[in-house]
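A.B. asks: With the input below, show me the fold.
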Amino acid sequence: MIGGTIGHRSVRIPKLLRLVESRSASIDELAGIGQGCRFLVVHSGEASPTRYGEAFTADARAAGLNVEECLARSNTDEWVQAVRGAISRVGPDYVVGVGGGRVVDVAKVAAALDAIDFISVPTQASSDGICSPVAVMQEANGRPKSLGARIPVAVVVDMEVLSRAPLVTWRAGLGDLLSNLSAVQDWRLAHARYGEPIDDFACLTAEAAALSVYQEGADLQDRQFREKLMRGLILSGISMEMAGSSRPASGSEHLISHALDQLLPEPRHHGLQVALTTVTAFILRGEDVSALIRFFRGLGLPVHPRDLGIETDLYLRAVRMGPELRPGRTTVLDQVGDEDVRSLADALERIAGRSSAS
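C.D. replies: Numbering: from 1, shown residues only. Down below sits the predicted model:
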């Protein structure tokens, strides 16, 4: 039931998406975005295994673009301030984040704080942060925190450099995208039971993005599937812009993952953690999880805590702790009691038994 007056709305989404085959093609796209404009390229320099950001900057200058650069070696407030200092000195028309998720997030936050348009040039496909209004930063204690930012005006993806990224980053990206299937269900639950406002089109976009890669015969090393995954991650980011929050892509599964970030001495890759916790969220909601488990196992994603080297007791603590991490975000975890946790432990034992038998 919708109360009150409804009408059209405006949503800020990227104007350009290009999946190209080389660094030079990426730079051509940059030139097409802003002839005569000044770009501030943020990258991690020699800290990057591929040193792609350095090469990108040098080639952009050689192509005649007005480019300045700034390093960001970690996703901390210190590096955000370093980029903001460069923005103040350079006065760019665009901030360009070139690199993995941490670099992109630092550039994204700094650009948002100074109201500068941001261009995303990712070198990994490990999360939907490549095109979202949310950034993950590292606190002083080393734990992650989420911040609101500004969605990019353009996303330029060099598939050639992505092809050299470790396979685990593709698995993480797939896990992050498939977690939308859980997040959307939690949002619908909150709407149905407690009347929380819901954005149907944000849900539709997030779910469609996930379902686009949830298919028979998926192969993470196949070029066409990788392109489909990239587009899905970008659509997932746009769904958050539509919603005005991370709601369509972050539910109980992300809360459990955030709890793991707190409990583990060394948190695992975010996308792998949320793949595992998505399986758990399905179980807690009483949904059939068998097809998802088969899909994840076929692609090397975790379905049981031990797949990530996590003790089951600690994992169950994270399930209990999850709701504390974001008060006010209603999910299935709010109605999980002791009996539900015991049932989950039994389900995990059955999953472990099937894994041993396979």
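
A.B. asks: who's in contact with stretch 232-240?
C.D. replies: Applying CB atoms under 8 Å, 6 or more residues apart in numbering, the contact partners of stretch 232-240 are 13-14, 17, 125, 127-134, 151, 155, 173, 176-177, 180, 202-203, 205-206, 208-210, 212-213, 246-249. (C-beta placed from N, C-alpha, C; glycine too.)

A.B. asks: Apologies, that question was intended for stretch 42-59.
C.D. replies: Contacts of stretch 42-59 (CB under 8 Å, 6+ apart): 23-24, 26-27, 41, 67, 69-73, 83, 86, 95-100, 102-103, 106-107, 110, 121, 123, 158, 161, 164.

A.B. asks: Need the distance between the two termini of it.
C.D. replies: 14 Å (CA to CA, to the nearest Å).

A.B. asks: buried sites along that stretch?
C.D. replies: 42-45, 48, 52-54, 56-57, 59 (16 or more other CB atoms under 10 Å).

A.B. asks: Minimum pLDDT in those, which residue is that?
C.D. replies: When the buried residues of stretch 42-59 are sorted by pLDDT, the bottom entry is residue 48 at 87.

A.B. asks: Next, give phi and psi for that residue.
C.D. replies: Torsion angles at residue 48 (phi, psi; degrees, to the nearest 10) stand at phi -80, psi 130.

A.B. asks: Helices of the stretch 201-350 of the chain, start to end?
C.D. replies: 223-243, 252-263, 270-284, 290-298, 312-321, 338-357 (DSSP state H, counting those that start in this stretch).

A.B. asks: Next, the angle helix 312-321 makes with the third one.
C.D. replies: To tie it back to what came earlier, the one meant is helix 270-284. 80 degrees (axes from the mean of the first three to the mean of the last three CA atoms, to 10 degrees).

A.B. asks: So that it lines up with my notes, have the first residue be 47 from now on.
C.D. replies: Got it, first residue is 47 now, which makes that one helix 316-330.

A.B. asks: circling back: give me the subset of the contacts of stretch 88-105 that lies in helices.
C.D. replies: 69-70, 72-73, 129, 132, 148-149, 152-153, 156, 207 (DSSP state H).

A.B. asks: For the residues you listed, could you give me CSV that also reports neighbour count, pLDDT and distance to residue 370?
C.D. replies: As requested, the ones in helices among the contacts of stretch 88-105 are exported to CSV (neighbours: other CB atoms under 10 Å; pLDDT from 0 to 100; distance: CB to CB, whole Å):
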residue, neighbour count, pLDDT, distance to residue 370
69, 19, 96, 45
70, 14, 96, 49
72, 24, 96, 42
73, 24, 96, 46
129, 25, 97, 32
132, 21, 98, 38
148, 23, 91, 26
149, 29, 94, 30
152, 34, 96, 28
153, 33, 96, 31
156, 28, 96, 30
207, 20, 95, 39
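
A.B. asks: In a markdown table, list the helices of the stretch 247-396 of the chain along with mean pLDDT, distance to residue 187 and mean neighbour count.
C.D. replies: Below are those laid out as a markdown table (pLDDT from 0 to 100; distance: least, CB to CB, whole Å; neighbours: other CB atoms under 10 Å):
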| stretch | mean pLDDT | distance to residue 187 | mean neighbour count |
| --- | --- | --- | --- |
| helix 269-289 | 97 | 26 | 22 |
| helix 298-309 | 96 | 10 | 25 |
| helix 316-330 | 98 | 17 | 27 |
| helix 336-344 | 97 | 31 | 16 |
| helix 358-367 | 98 | 16 | 18 |
| helix 384-403 | 88 | 27 | 13 |
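
A.B. asks: among the ones you listed, which is nearest residue 192?
C.D. replies: Ranking the helices of the stretch 247-396 of the chain by distance to residue 192, with CB to CB as the measure, places helix 298-309 first at 8.6 Å.
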